[in-house]
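>>> after the sequence you'll find the predicted model.
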Amino acid sequence: MNAEDLKTKTEDELVKLLLDTRKNQFNLRFQRSGGTLENTSEIRKVRRNIARIKTFLTQKQNGEAADGAKKSATKKPAAKKAAKTKAAAA
């Protein structure tokens, strides 16, 4: 699964894809425990695809919040307080 493919999908499509991928993961785990899984690296790929889908889904859901965060990040940072030293405290 490419990130480019996920960028073009809507939230509903991502949710459906996430459900299908989790079902696939469930089936792979059963195959592994039964000893019929031939390609064990497939489990790792599916797990990473789930994380990728969840990342894009979160980005789509928080799209407006992310735009607001970018605007507030351009403000000046607050001045840092001077650290107290042992000599100054005594």
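That came through, no problem.

>>> state the mean pLDDT of stretch 26-37.
Per-region confidence: stretch 26-37 scores 95 on mean pLDDT.

>>> what sits up against that stretch?
40, 42-43, 46 (Cβ atoms under 8 Å, 6 or more residues apart in numbering). Just so you know, the C-beta spots here come from the backbone N, C-alpha and C atoms, and that holds for glycine as well.

>>> now with 10 Å, please.
With Cβ atoms under 10 Å, 6 or more residues apart in numbering as the contact definition, stretch 26-37 has outside contacts at 38-40, 42-43, 45-47.

>>> please enumerate the helices of the chain.
With helices called from DSSP state H, the chain shows them at 3-7, 11-34, 41-61, 63-73, 86-89.

>>> want to throw these into JSON lines with distance to K80 and mean neighbour count?
Below are these laid out as JSON lines (distance: least, Cβ to Cβ, whole Å; neighbours: other Cβ atoms under 10 Å):
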{"stretch": "helix 3-7", "distance to K80": "37", "mean neighbour count": "11"}
{"stretch": "helix 11-34", "distance to K80": "40", "mean neighbour count": "13"}
{"stretch": "helix 41-61", "distance to K80": "32", "mean neighbour count": "14"}
{"stretch": "helix 63-73", "distance to K80": "17", "mean neighbour count": "9"}
{"stretch": "helix 86-89", "distance to K80": "16", "mean neighbour count": "6"}
